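Participant: Turn this into a model:
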Amino acid sequence: IFKFLGAISVDLGQDRIKPYLPTILTPLYRELNSNYAEQDPTLKNLSQEIVELLKKLVGLEAFSLAFSSVQKQANQKRAMRKKQRALQTVANPDIAARRKLKRHKNKAETRKRKIESLRPTYKAKQHRSHALKDLAMVE
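Facilitator: As a prediction, this is how the structure comes out:
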């Protein structure tokens, strides 16, 4: 997709690419700004190259305006999601409590996996469920 965006940008030229610049920069900005553990470095390098190409193609001023608008929009979306999550915590405390329990459980599992990878001889205790069905004797 990034190669396609770069090719289209070069093909359209300086004047015809300007209206589409924020649309093109949105996925590039997302890739450059992401901090995932499994992030592909070649993808990040490619997006950086295309950003440099766009900067040379449209000029620094037009590029800066479009890039700042994309950045502002991404920050607004992030703030909106954070605000909605906080509101949901107040409005639906049971859902928030379930989410919190799930997050703590995942964190504990991750910690166990990490310890086992560092020390192969160590075996973490498995979580034992205390439900009634586990206590019942099954023949």
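
Participant: what sits against residue 9?
Facilitator: Residue 9 sits next to 17, 24, 50, 53-54, 57 when contact means CB atoms under 8 Å, 6 or more residues apart in numbering. Every C-beta, even on glycine, is put in place using the N, C-alpha and C of the backbone.

Participant: 7 Å instead, please
Facilitator: For residue 9, the contacting residues are 17, 24, 53-54, 57, by CB atoms under 7 Å, 6 or more residues apart in numbering.

Participant: Save the residues you listed as CSV, and put in distance to residue 68, pLDDT and neighbour count too.
Facilitator: Below are these laid out as CSV (distance: CB to CB, whole Å; pLDDT from 0 to 100; neighbours: other CB atoms under 10 Å):
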residue, distance to residue 68, pLDDT, neighbour count
17, 17, 91, 19
24, 15, 93, 21
53, 19, 93, 14
54, 14, 93, 23
57, 18, 92, 18
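
Participant: Nearest to residue 109 among these?
Facilitator: Nearest to residue 109 among the contacts of residue 9: residue 24, at 39.9 Å, using CB to CB.

Participant: ok, and the closest non-adjacent residue to the closest one?
Facilitator: residue 5 (5.1 Å; CB to CB, 6 or more residues apart in numbering).

Participant: ok, now residue 33?
Facilitator: Residue 33 sits nearest to residue 74 (CB to CB, 6+ apart), 7.2 Å away.

Participant: That neighbour - how many residues pack around it?
Facilitator: 14 (other CB atoms under 10 Å).

Participant: now the helices for this protein?
Facilitator: 2-17, 21-33, 41-58, 60-91, 93-118, 132-135 (DSSP state H).

Participant: Packed most tightly, which of those would that be?
Facilitator: Most buried of these by mean neighbour count (mean count of other CB atoms under 10 Å) is helix 21-33; its value is a mean of 17.

Participant: Show residues contacting it.
Facilitator: 1-2, 5, 9, 43-44, 47-48, 50-51, 54, 58, 62, 66-67, 69-71, 74.
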